[in-house]
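Enquirer: coordinates for the following, if possible.
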Amino acid sequence: MTTSLQRQSVELPPRTPAARRLLKHPRLMHYNRLAALVLSANLVFLYASWTPSARTMGHAALANLALAILVRQQYVINLFFRLATWAPTSWPLKVRWTLGKVYHFGGLHVGGALAGAGWFLALTITTSNGPLMAVGWTLTALLALIIATALPPFRARHHDHFEKIHRFGGWIALALFWTHTLLASPGPAEVTVLSVVTFSVALPWLRLRKVGVRLERPSPHVVLARFDHGETPFAGSSTAISRSPLKEWHSFANVPAPGEPGFRLTISRAGDWTGDFIDDLPSRVWVKGITTAGVANIETLFKKVVYVATGSGIGPCLPHLLAAEVPSRLVWATRDPRTTYGDALVEEILAVQPHALIWDTSRDGKPDMVRLAYAAYRDFGAEAVICISNKKLTWQVVHGLEQRGIPAYGAIWDS
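Expert: Predicted coordinates:
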């Protein structure tokens, strides 16, 4: 049996040829490719239209903004995952490797938003009607603000402000779009599309409710939240919770136990909101929306997978480990796991993953996660690696393995 130290010092395979590695560069990930595809399709449409009429520009703006909104709808997201993971494991690995990138669908959102704003700007510039101009320029300015605050530098530093601007600004923009459309004497198609988009935006909020939660705090770093309000979500989904529904929402991976009602969330201290939650231990919280598929749902595309997690990243992995739908091997690096997460949770993990590598960073220091992931991938005979960690380490593992020809997946923080 390979020891932890041997895994830490394992020799990585050579990188693939430069041309192939180029396609695995972060700037060329599928998220950016999808955004570029949408923008390219719009450029082709513009070239084919040559001098588009005001109605054509309005239709193009509406179609693109509808795309941007609808691809974020939870039922649509779940459909994307269902279609992508429909492929059997007998299909070629290269095909399944690409299908596993389904969670990069946010690129469609970005491409649609940018193209839609561009078309609407062009429409506004060519408008001569006074009321339409006033609404048009107001909406154009609002769209510019939403896009600017969604750019990574602002979003990373001021995520709470980004979230509020995106939410309230989006609602105001939708109302202004209705106003602009009605002033322009719309046809049935425009009204139908706007109605669908409006219903899509409203649907999660129509399911808003305040529910009870039972909290267990094994350490000052972690809370295990247990819910049983009539919902038993599927393994690998997530639920958004809030203490102030108009201010701030946070999504966490659902951990349903096979054969039991309800589910758990693992909430770790990672900022003011989670810190206050752990310290205050509220008895009730708000939930909304539809449970939504997460990255690790792509596991069914492969015959065997390796889960790589750090800290509270064990939360999104745990439902898949418990369900055991796909043979898997766990590599988990965290500080003092039993003290931080409690003996019960660690024993629950070991019961389904007796060969898991649990690396105690407080005792053994920080490991080379790329080497640990590769050693587990090689020893277990896996087809893919799924990494749940912070942004820096996730990208380090995913791109460190993919440039060596190993399918690897991890969140891309696109929202």
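
Enquirer: break down the stretch 151-300 of the chain into its helices, ranges please.
Expert: Under the criterion DSSP state H, counting those that start in this stretch, the stretch 151-300 of the chain contains helices at 152-157, 159-183, 188-206, 272-280.

Enquirer: can you give me the strands for the stretch 251-400 of the chain?
Expert: In the stretch 251-400 of the chain, the strands defined using DSSP state E, counting those that start in this stretch lie at 263-268, 284-293, 305-310, 328-334, 357-360, 384-388.

Enquirer: could those strands be laid out in CSV, adding distance to Lys94 and mean neighbour count?
Expert: Any C-beta I mention is one placed from the backbone N, CA and C, and that applies to glycine too. Formatted as CSV, the strands of the stretch 251-400 of the chain follow (distance: least, C-beta to C-beta, whole Å; neighbours: other C-beta atoms under 10 Å):
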stretch, distance to Lys94, mean neighbour count
strand 263-268, 34, 22
strand 284-293, 23, 18
strand 305-310, 17, 26
strand 328-334, 22, 24
strand 357-360, 28, 20
strand 384-388, 12, 27
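
Enquirer: okay, those strands in a markdown table with distance to Gly170 and mean pLDDT next?
Expert: Below are the strands of the stretch 251-400 of the chain laid out as a markdown table (distance: least, C-beta to C-beta, whole Å; pLDDT from 0 to 100):
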| stretch | distance to Gly170 | mean pLDDT |
| --- | --- | --- |
| strand 263-268 | 26 | 91 |
| strand 284-293 | 15 | 90 |
| strand 305-310 | 33 | 97 |
| strand 328-334 | 37 | 97 |
| strand 357-360 | 42 | 95 |
| strand 384-388 | 28 | 97 |
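
Enquirer: between those, which one is nearest to Leu401?
Expert: strand 384-388 (5.7 Å; C-beta to C-beta).

Enquirer: tilt between the closest one and strand 305-310?
Expert: Comparing the axes of strand 384-388 and strand 305-310 via axes from the mean of the first three to the mean of the last three C-alpha atoms, to 10 degrees yields an angle of 20 degrees.

Enquirer: parallel or antiparallel, which strands does strand 384-388 pair with?
Expert: Strands adjacent to strand 384-388 in the sheet, as given by DSSP bridges, are strand 305-310 (parallel), strand 408-410 (parallel).

Enquirer: quick one, the first one and strand 328-334 angle?
Expert: Think strand 305-310. 10 degrees.

Enquirer: and the contacts of strand 305-310?
Expert: 296, 299, 316-317, 320-321, 326-334, 369, 372-373, 376-377, 380, 382-390, 393, 397 (C-beta atoms under 8 Å, 6 or more residues apart in numbering).

Enquirer: got the CA coordinates for that strand in PDB?
Expert: Output of strand 305-310 as PDB, limited to C-alpha atoms (Å, rounded to 0.1, in the frame of the first residue of the first chain):
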ATOM      1  CA  VAL A 305     -13.400   9.100 -10.200                       C
ATOM      2  CA  VAL A 306     -11.100  10.600  -7.600                       C
ATOM      3  CA  TYR A 307     -12.500  13.300  -5.300                       C
ATOM      4  CA  VAL A 308      -9.900  15.900  -4.100                       C
ATOM      5  CA  ALA A 309     -11.100  18.200  -1.400                       C
ATOM      6  CA  THR A 310      -9.600  20.700   1.100                       C
END
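
Enquirer: any idea how far that strand is from the chain center?
Expert: Remark: strand 305-310 is offset 17 Å from the chain centroid, using C-alpha atoms, centre = their mean, to the nearest Å.

Enquirer: follow-up on the earlier one: for Trp50, which of the strands paired with strand 384-388 is the nearest?
Expert: When the strands paired with strand 384-388 are ranked by proximity to Trp50 (C-beta to C-beta), strand 408-410 comes first, at 42.2 Å.

Enquirer: quick one: mean pLDDT over the closest one.
Expert: Averaged across strand 408-410, pLDDT comes to 96.

Enquirer: what comes up buried for it?
Expert: Of all the residues in strand 408-410, those buried under the rule 16 or more other C-beta atoms under 10 Å are 408-410.

Enquirer: before we move on, back to that, for Leu142, find the nearest of the strands paired with strand 384-388.
Expert: That would be strand 408-410 among these, by C-beta to C-beta, at 33.3 Å.

Enquirer: contact partners of that closest one?
Expert: 100-101, 103, 295-296, 298, 373, 384-389, 394-395, 397-402.

Enquirer: apply 6 Å and report the result again.
Expert: The contact list for strand 408-410 (C-beta atoms under 6 Å, 6 or more residues apart in numbering) reads 100, 295, 385-387, 394, 398, 401-402.

Enquirer: now the terminal residues of stretch 312-332, how far apart.
Expert: 10 Å (C-alpha to C-alpha, to the nearest Å).

Enquirer: repeat for stretch 406-413
Expert: With C-alpha to C-alpha, one end of stretch 406-413 sits 22 Å from the other.

Enquirer: that one: how far from the chain's middle?
Expert: On C-alpha atoms, centre = their mean, the centre of stretch 406-413 falls 11 Å from the chain's centre.

Enquirer: nearest to Ile125, out of the helices of the stretch 151-300 of the chain?
Expert: Short answer: helix 159-183, nearest of the helices of the stretch 151-300 of the chain by C-beta to C-beta, at 14.0 Å.

Enquirer: average pLDDT for stretch 122-129?
Expert: 93.
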